[in-house]
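*Asks:* Starting from these lines, generate the structure:
(2 chains)
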There are 2 protein chains.
Amino acid sequence: MSIKLTYFDLRGRAEVIRYLLKYGGIEFQDVRITIVPWGNLKSTVPFGQLPIYEEHGKVSNQTIAITRYLAKKIKLAGNNNWEDLELDALVDTTSDLLEKVVNFYHERDTERREQLKRMVLAETIPFYLSRFEAIAEKNFGFLAFGRLTWADFFFTTTIDMLDAMTGMNVLKNYPHLQGVVSNVTDLAVIKEWREKDKSSVVLANDAK
Amino acid sequence: MSIKLTYFDLRGRAEVIRYLLKYGGIEFQDVRITIVPWGNLKSTVPFGQLPIYEEHGKVSNQTIAITRYLAKKIKLAGNNNWEDLELDALVDTTSDLLEKVVNFYHERDTERREQLKRMVLAETIPFYLSRFEAIAEKNFGFLAFGRLTWADFFFTTTIDMLDAMTGMNVLKNYPHLQGVVSNVTDLAVIKEWREKDKSSVVLANDAK
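*Replies:* Numbers count the residues shown, from 1 in each chain, chains lettered A, B, ... in the order given. I've put the predicted structure just below:
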């Protein structure tokens, strides 16, 4: 098999890549490594980070870059450069939200962690999701152009991570964003994959 | 004029966009706003962030997305999808480094700030720059393909921000990365622009 994806035994940041590979019907080797071999592997990987993606022996890192590359391959990208710009901006904004929540989740100081969590729940998440909700409403349950794109896939797997890190259903009050997620998770091939992949969404916090 | 870039009166995150517009000989309106009107403007801007880029009345946010869009326009992108993936990964990795340094720079707790600064200087920056240095050496003073791409531009303006935030010359021990930066800053049109744009690189820390 010429395509290989390497990540921890988690859904996490790699799941969007897996979704796109599944959606595109692209065969791949889904390599899941545990913490111990990772210690040995880390120094051999570009910038010491997973996931890495290999195709015909060439290697790349960076989730969003890999996801965009696959999106072009399987026709989930824009139809012109401006559309690609709009999708890229939506994805990077989704990623900004994710990083802010990751920031709280990884905080080790208990008091600061509670403070960050309060801010994330009361301010950060509503700030972003209310704006995304308006976008999804205008785009008929998609993030752009009234049709399925890789921005919807990236958003969907991000929501899984936000739910796991906050212990909440963050989309509860956002019906159009629930629609965005359903438009991805109701796809037969994604539904089937979700039933199969029961790995944790994120690393449990006490395991870090 | 059909193109308009809006940012604070800083080089900061918008400078790479200005460089690309200059390099491409694209006329634009370089709108610089001060903190007071920004208070009023913030709610009207997608996701409350600058820079924003407008072309023929259409608006987009997200620096990297805008930069990639311009790079395609002015032939500083990859020659095929895999090359674009490599450039995207380099840029996102450069951005990871930037965000880690921004994190220290924005910290308000004095003790924690010192601790973060020590880690940034002793670990984060050397970790990333030693890897980038090896890449630049292999690519003859560029980050990829032995030729000028938008990754070199993004790297160059990021280094300006790192220097400003740390108060150091972070490339001092990295001759090939100094080459990457020179390959951008020695371009006549960029040299001329740098002589003209004397705005601060980042917001002074006590001004926040």
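*Asks:* I'd like the mean pLDDT over stretch A:117-132, please.
*Replies:* Per-residue pLDDT over stretch A:117-132 has a mean of 97.
*Asks:* distance between the ends of that stretch?
*Replies:* According to C-alpha to C-alpha, to the nearest Å, stretch A:117-132 extends 21 Å from its N-terminal end residue to its C-terminal end residue.
*Asks:* starting at the chain centroid, how far to that stretch?
*Replies:* 18 Å (C-alpha atoms, centre = their mean, to the nearest Å).
*Asks:* go on, stretch A:123-135?
*Replies:* So, by C-alpha atoms, centre = their mean, the centroid of stretch A:123-135 is 17 Å from its chain's centroid.
*Asks:* does that stretch come close to chain B?
*Replies:* Yes - against chain B, stretch A:123-135 shows contacts by C-beta under 8 Å from any C-beta of the partner chain at A:F127, A:Y128, A:R131. From N, CA and C alone the C-beta is placed, and that goes for glycine too.
*Asks:* separation between the residue lying farthest from the centre of chain A and B:R108?
*Replies:* Of all residues in chain A, A:E111 has its C-alpha farthest from the mean position, at 28.3 Å, by C-alpha atoms, centre = their mean. Between A:E111 and B:R108 the distance is 15 Å, computed by C-beta to C-beta, to the nearest Å.
*Asks:* now A:W150
*Replies:* Taking C-beta to C-beta as the criterion, A:W150 is separated from B:R108 by 37 Å.
*Asks:* higher neighbour count, these two?
*Replies:* The neighbour comparison of A:W150 against B:R108 (other C-beta atoms under 10 Å in any protein chain shown) goes to A:W150, with 29 against 8.
*Asks:* residues in contact with the more buried one?
*Replies:* If you count contacts by C-beta atoms under 8 Å, 6 or more residues apart in numbering or on different chains, A:W150 has them with A:L20, A:T67, A:R68, A:L70, A:A71, A:L76, A:A77, A:L87, A:V91.
*Asks:* Of the residues you listed, just say which sits nearest to chain B.
*Replies:* When those are compared for distance to chain B (C-beta to the nearest C-beta), A:R68 wins out at 6.2 Å.
*Asks:* Without its sequence neighbours, what residue ends up closest to the closest one?
*Replies:* The shortest distance from A:R68 to any residue other than its chain neighbours is 6.2 Å, reached at B:D88 (C-beta to C-beta, 6 or more residues apart in numbering or on different chains).
*Asks:* Quick check: the gap between the one you found and A:Q29.
*Replies:* Applying C-beta to C-beta to B:D88 and A:Q29 gives a distance of 23 Å.
*Asks:* List, one by one, the residues from chain A near chain B.
*Replies:* Applying the criterion C-beta under 8 Å from any C-beta, the portion of chain A that neighbours chain B consists of A:46-48, A:55, A:58, A:60-62, A:64-66, A:68-69, A:72-73, A:81-82, A:84-86, A:88-89, A:92-93, A:96, A:99, A:127-128, A:131.
*Asks:* from those, which ones fall inside helices?
*Replies:* Taking DSSP state H, the ones among the residues of chain A next to chain B that sit in helices are A:64-66, A:68-69, A:72-73, A:81-82, A:84-86, A:88-89, A:92-93, A:96, A:99, A:127-128, A:131.
*Asks:* and for the helix or strand bottoming out on mean pLDDT in chain A, what are the contacting residues?
*Replies:* With mean pLDDT, DSSP states H and E as the measure, the helix or strand of chain A carrying the lowest mean pLDDT is helix A:35-41 (a mean of 74). Contacts of helix A:35-41 from elsewhere in the structure, counted by C-beta under 8 Å, 6+ apart, are A:F8, A:I33, A:L50.
*Asks:* can you do 7 Å?
*Replies:* By C-beta atoms under 7 Å, 6 or more residues apart in numbering or on different chains, the residues outside helix A:35-41 that reach it are A:I33.
*Asks:* Buried residues of the helix or strand where the residue farthest from the centre of chain A lies, list them for me.
*Replies:* With the criterion set as DSSP states H and E, the secondary-structure element containing A:E111 is helix A:110-119. Counting neighbours by 16 or more other C-beta atoms under 10 Å in any protein chain shown, one finds that the buried residues in helix A:110-119 are A:R113, A:L116, A:K117.
*Asks:* Ignoring the adjacent residues along the chain, who's closest to A:L203?
*Replies:* Nearest residue to A:L203, sequence neighbours excluded (C-beta to C-beta, 6+ apart): A:L10, at 6.3 Å.
*Asks:* Oops, could you answer that again for A:W150 instead?
*Replies:* A:A71 (3.5 Å).
*Asks:* In contact with the one you found: list those residues for me.
*Replies:* Taking C-beta under 7 Å, 6+ apart as the test, what A:A71 contacts is A:L20, A:A77, A:W150.
*Asks:* which one is the first one nearest to, not counting chain neighbours?
*Replies:* The one in question is A:L20. Closest to A:L20 by C-beta to C-beta, 6+ apart is A:L70, at 4.3 Å.
*Asks:* Tally up the residues packed near the one you found, please.
*Replies:* Neighbour count of A:L70, defined by other C-beta under 10 Å: 27.
*Asks:* Hmm, it is touching A:K22, no?
*Replies:* No - between A:L70 and A:K22 there is no contact, the gap being 10.5 Å when judged by C-beta atoms under 7 Å.
*Asks:* What separation do you get for A:T110 and A:A204?
*Replies:* Computed as C-beta to C-beta, the A:T110 to A:A204 distance reads 16 Å.
*Asks:* quick one: low-confidence parts of chain A?
*Replies:* Within chain A, the segments meeting pLDDT under 70 span A:1, A:36, A:206-208.
*Asks:* Drop anything exposed from the ones in helices among the residues of chain A next to chain B.
*Replies:* A:64-66, A:68-69, A:84-86, A:88-89, A:92-93, A:128.
*Asks:* returning to that earlier point: possible to save the contacts of A:A71 as JSON lines with secondary structure and distance to B:R194?
*Replies:* Formatted as JSON lines, the entries for the contacts of A:A71 read as follows, by DSSP: H, G, I helix; E, B strand; the rest coil; distance: C-beta to C-beta, whole Å:
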{"residue": "A:L20", "secondary structure": "helix", "distance to B:R194": "40"}
{"residue": "A:A77", "secondary structure": "coil", "distance to B:R194": "35"}
{"residue": "A:W150", "secondary structure": "helix", "distance to B:R194": "36"}
